[in-house]
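Trainee: make a model of this:
(3 chains)
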Amino acid sequence: MRIVVFIKQVPESEDVKIDRLTNTMKREGIRMVMNPSDSTALAAAVQLKKEHGGKVIAVTMGTKKAVEVLNQAAICGADELYMVSDPLYAGSDTYATALVLSETVKYLGGLDIALCGRRAIDGETGQVGPELSVFLDIPCVTNVLELQLKSDGRVRYKRLLEDEILDAELSTPALFAVCEGIVRDYVPSISDLRRARDIKIINITDNELKLGGERTGLAGSLTTVRRTFQQTSPDRKCVFVDAKEGAKIIIAKATEAIL
Amino acid sequence: MEFRGYMVDMICSELEDIVGSDYVSTSKSETSVYGVDYFWVSRMWADKGMEPPRADYIVRPDSAEQVSRILKVANYYKIPVQTWGGGSGSQGGAMPMAGGILLDTKRMNRLIEIDEYSMTITAETGMIFQTLENYANEKGYSLMHYPSCLTCSTIGGALAHRGIGILSTKYGKIDDMCISMEVVLPNGDIINTLPVPKHAAGPDLNQIFIGSEGTLGIMTKATFQLFEMPEVRKHRAFLFKNIHDGFQAGRDIMQKAKPSIMRLYDEAETVSIIKKVLGVDKKGAFMNITYEGDRDIVEIEEKHILEICRKYGGEDLGSEWGEKWYENRITFFYPGNIMDVPQMYGTMDTVCTYKNVEKIYWAMKNAIESNFPGVRFIAHFSHWYQWGTMIYDRFIMDDPPSDPSEAIRLHNKIWNTGVRAAMENGGVINDHHGIGLKLGRLMKEQYGPAMQVFDALKKGLDPNGIMNPYKLGL
Amino acid sequence: MFSEKANKHADNCRFCWMCRYICPVGLQTGKETNNARAKGLLVSLVNRGQEFDESYAGTMYECCLCGACSQDCKTGFEPPIFIREARTEAIVRDVLPENVRMIADNLMEKGNLYGVSSAEIQSKLEKLLPNRPQKAGVLLYVGQTALIKAPEISEALICLLKKASVDFTVLYSEGQSGAEIGDVIGYVAETITAAKNEAAKINTIGAEKVVVLDPNVARVMKQEYPVWGCDINAEIVTATAFIAGLIADGKLSPQKIDMKEVTFHDPCKLSRDLDETEPARYILKSMGIEIKEMFLNREWTKCCGTEIVKAHSPALGALIADGRWGDAERIGAACMVTACPGCFDVMGQCVPEGMKHYDLFILLAEACGC
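Mentor: The predicted structure follows:
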């Protein structure tokens, strides 16, 4: 069983600094970590492997610094590590990113189960997983709360919806975007850690994927970031009133707004 | 110094013979940790994974006698000796830039005596200053020397760079508090300065070694003054319209009273403080002040202080901020709060007479901000005398060059610019952090022909030039 | 390779010295590597290309993991996090110093620091409580240190529980709780597996309360077990809190003991990690004993050196213990009471001339006529 986990390196906090010229994130001097729900995806992948056998293949796309998340992935039980990076890919939006990742999967020889976090804490779009599944032509389940590989090879899952939890199943190959924390992080043993040190990180560039600059990077992005800003709320006043007084104030303000 | 073949081991044997083989180390882990102190360059260097400057031998003596024998060996082989206490110096003064021996004083950490009648305390200089303070506290006294490095520096370190604490305005700097010392000269002779610091028996030996930053000898014991805990300690804060009014108030206060803490902040620093204190944007120059001691005397001091601040238009902000500041005075220095790499930063503290202080402040501010766009300059004035005050000014650059060599050269340029602006207007290179590696090149400019006095001392005491090379401009 | 969490803490600690003054090891040895900063710096240098060799490994074991540094840190960083991981790293890279390798092997093979066989542990438990019941309302978890190094304490505690008519038992065999092995090899799968096995054993008793004698073990059971997914279906109570409760409820009525110039040494895990300082004092008070507090007391207690350091570096352990005795001597104490089997063994090995050393439970047992 080939389980491919997609991991993104993100800034640790929501305190993101933006480069005014390119409207992309500044990465200098900010602590970068594995996106939390991707970390859960990895733990879920390792759990599946431990229970049913197979290989956990960790893939990340980013700058050279993103290699750090692959090292973490090795500690947490990944068997193979792939760093997808090319100057052509810089500035890719979710569409271009999903395209690159899908070509990576094809280059690596396909998958049985794809796992990723439901959204990254920096961009917060949650789009790459579903877009990737379209490029790979496999079904996609988002907001996964539980995953179980059945004896008939199908996957039973629980999915978080707005007002209920969906309990269903499907056949692989399929992509699952998991919620944070649904599985405990894998705790490695000493032999796991010894093995992790020997896993080589394999670099994948456009030489391997052969996508070219038109379909990737800023050029290949269907969306452009016009402006990124931090919403600062003005100082608000809080006054406690009773219902009658409150109603009067609301009516007065509403009338004012209409007029 | 070039060792060929097994000379390294021959010398190692001699050192082990003096202190014991457990106390000489050449291991990677030991030599690595002495490669970084509080000097920005050393931290940036380590952050970028560059090879730290390493000593050849880490030697840890237990007594002045052992220090003496080590120095004799070092002189014989002409091996540099760098002395390290807490390693918390910001000027790179303890860094083993010349290799050779790194002499760590921290095994010499014994309390020797507390003379309650004379109100003195004596200890070995490798003791962490907080430990000394704890010993004093156990008996109900204090040394009243509270630098930010109190919990990590040693007695020797405080003396080596003429350190200062937050209560210095009332109780003095470390050079005021030190009564007597034992010093090991570079030739191995163990000397004692006079039993008391005030006398008419020639120049003050204490003051030759205090501030010498390991270049003229190694201090091994020191006696300090003890103070009783104050009966009361009161805090107050004021907002002046500008720093000029604040200076005038501070100056007048120093003629009438002896506050323990008086901190006046420039407009840039005030903006962020006032927002925290009052919750609104208000411009001006913030000052917090603390006075303490006998209850009756404090009452009179307070009367004068309030009168003077009122005279210069200071808005009375009450006592809460000062109390809060005092309680949290050390929190700023913990990671996450304090500036850190990748920022570039430095404290260009200087000290001068009242006549020159505003001139120097503006000269430094303009020099930095106009020559280095993107570099912030903030200042406060926190240690006062009857003749003047000091400027505690910081520069902060958020995005320094990522190439280490380029960063270092820019760093040094900024320092040269700021410090020269101070010196040109009557200031001095540094108030209380010392000179170390960082500013040694500016000593000759500062002293001019007077430098020959230090050079003569250095030549006379350390003819082989083994004591802390490249530091203090010596 | 270190975890992101360890890297974050190491990167923050590496250039900061603020907690230097509170490290019980550094204060005694004066060694620069014996403080949290140095260890953080070494971890950060390894992350930036330096080789993690045996000297690095040795440095990481010269630490009590007492948490005084974490206690001091005003911005919440915790050196033990990266120090434990550095110990794992030392094992992974096979650069454990010889003296540490021995105790690591003991822990991995026999489940205790001392290499004592499980048969021997079983017989010690049998001797402590012959014909112990299979089920009881309270399970007394003795811990390997008390069983092997300070059996008098376990005997005293058993006596007290009997005197108070507590329905209790002990395990048939105690293995590795995770406390000692976790400190020596880190929080890896082997540690968690040991803990899970122990938790399973404890659960077979069906007790409502597990009274834990060793504060180090109590801390791990209360704070790490939930994180590790080891569920104990009972309330975990420290022996000090439980016994203080028995006195408060009138189930134990100690006589007054005439002792002067007594000081109490807070076990570091109890007072710092478990926030418990008053029950032991209450117990002493119930015997009419007045305490002269050392300068560093309660959550600021200075660690005795720990059983683990004593096991792999006895000379260092004794030096650290000396530091704590010095604190007692300086306040004019004539005797010291400790409340942890590790502290009892460690401090007991170097009692200064003219001073006396007592264990809290042994004292109480005497006062209760055991």
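Trainee: for the rest of this, base every contact and every neighbour count on C-alpha atoms.
Mentor: OK.
Trainee: can you list the residues of the stretch 51-200 of chain A near chain C?
Mentor: Residues of the stretch 51-200 of chain A lying close to chain C (Cα under 8 Å from any Cα of the partner chain) are A:71, A:72, A:75, A:187, A:188, A:189, A:190, A:191, A:193, A:194, A:197.
Trainee: let's see it at 10 Å
Mentor: Within the stretch 51-200 of chain A, the positions near chain C by Cα under 10 Å from any Cα of the partner chain are A:68-69, A:71-76, A:184-197.
Trainee: flag the shaky bits of chain B, pLDDT-wise.
Mentor: B:1, B:273-274, B:276-280 (pLDDT under 70).
Trainee: three-state assignment of the closest residue to chain A within it?
Mentor: Chain A sits closest to residue B:342 of chain B, with a gap of 5.5 Å, by Cα to the nearest Cα. Under the three-state scheme (DSSP: H, G, I helix; E, B strand; the rest coil), residue B:342 adopts coil.
Trainee: quick check: residues of the stretch 151-300 of chain C near chain B?
Mentor: So the stretch 151-300 of chain C meets chain B at C:294, C:295, C:296 (Cα under 10 Å from any Cα).
Trainee: who wins for most neighbours among these?
Mentor: Comparing these by number of neighbours (other Cα atoms under 10 Å in any protein chain shown), residue C:294 comes first, having 23 neighbours.
Trainee: wait, isn't it in contact with residue C:332?
Mentor: Yes - with contact defined as Cα atoms under 10 Å, residue C:294 reaches residue C:332; the gap is 9.4 Å.
Trainee: list the contacts for residue A:181?
Mentor: A:36, A:37, A:38, A:39, A:40, A:41, A:43, A:44, A:145 (Cα atoms under 10 Å, 6 or more residues apart in numbering or on different chains).
Trainee: chain center to stretch B:188-198: distance?
Mentor: Taking Cα atoms, centre = their mean, to the nearest Å, the mean C-alpha location of stretch B:188-198 is offset from the chain mean by 22 Å.
Trainee: quick one, phi/psi of residue B:394?
Mentor: With angles defined as degrees, to the nearest 10, residue B:394 sits at phi -120, psi 140.
Trainee: next, count neighbours for it.
Mentor: 17.
Trainee: can you check the one 3 residues further on too?
Mentor: One way to gauge burial is a neighbour count; for residue B:397, by other Cα under 10 Å, it gives 19.
Trainee: what pairs with it across the strands?
Mentor: residue B:344, residue B:375 (DSSP bridges).
Trainee: for residue 58, which three-state class applies?
Mentor: Going with chain A. strand.
Trainee: not quite, go with chain C.
Mentor: Assignment for residue C:58 (three-state DSSP): helix.
Trainee: make a ChimeraX selection of the buried ones in the residues of the stretch 51-200 of chain A next to chain C.
Mentor: Buried residues within these, by 16 or more other Cα atoms under 10 Å in any protein chain shown, are selected in ChimeraX with:
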select /A:68,69,71,72,73,74,75,76,185,186,187,188,189,190,192,193,194,196
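Trainee: in helices only, show me the residues of the stretch 51-200 of chain A next to chain C.
Mentor: A:68-69, A:71-75, A:190-197 (DSSP state H).
Trainee: ok, back up a step: turn the residues of the stretch 151-300 of chain C next to chain B into CSV, columns for secondary structure, distance to residue C:14 and pLDDT.
Mentor: Below are these laid out as CSV (DSSP: H, G, I helix; E, B strand; the rest coil; distance: Cα to Cα, whole Å; pLDDT from 0 to 100):
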residue, secondary structure, distance to residue C:14, pLDDT
C:294, coil, 31, 96
C:295, coil, 28, 93
C:296, coil, 26, 94
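Trainee: got the contact list for residue C:194?
Mentor: C:108, C:111, C:175, C:176, C:177, C:178, C:179, C:181, C:182, C:230.
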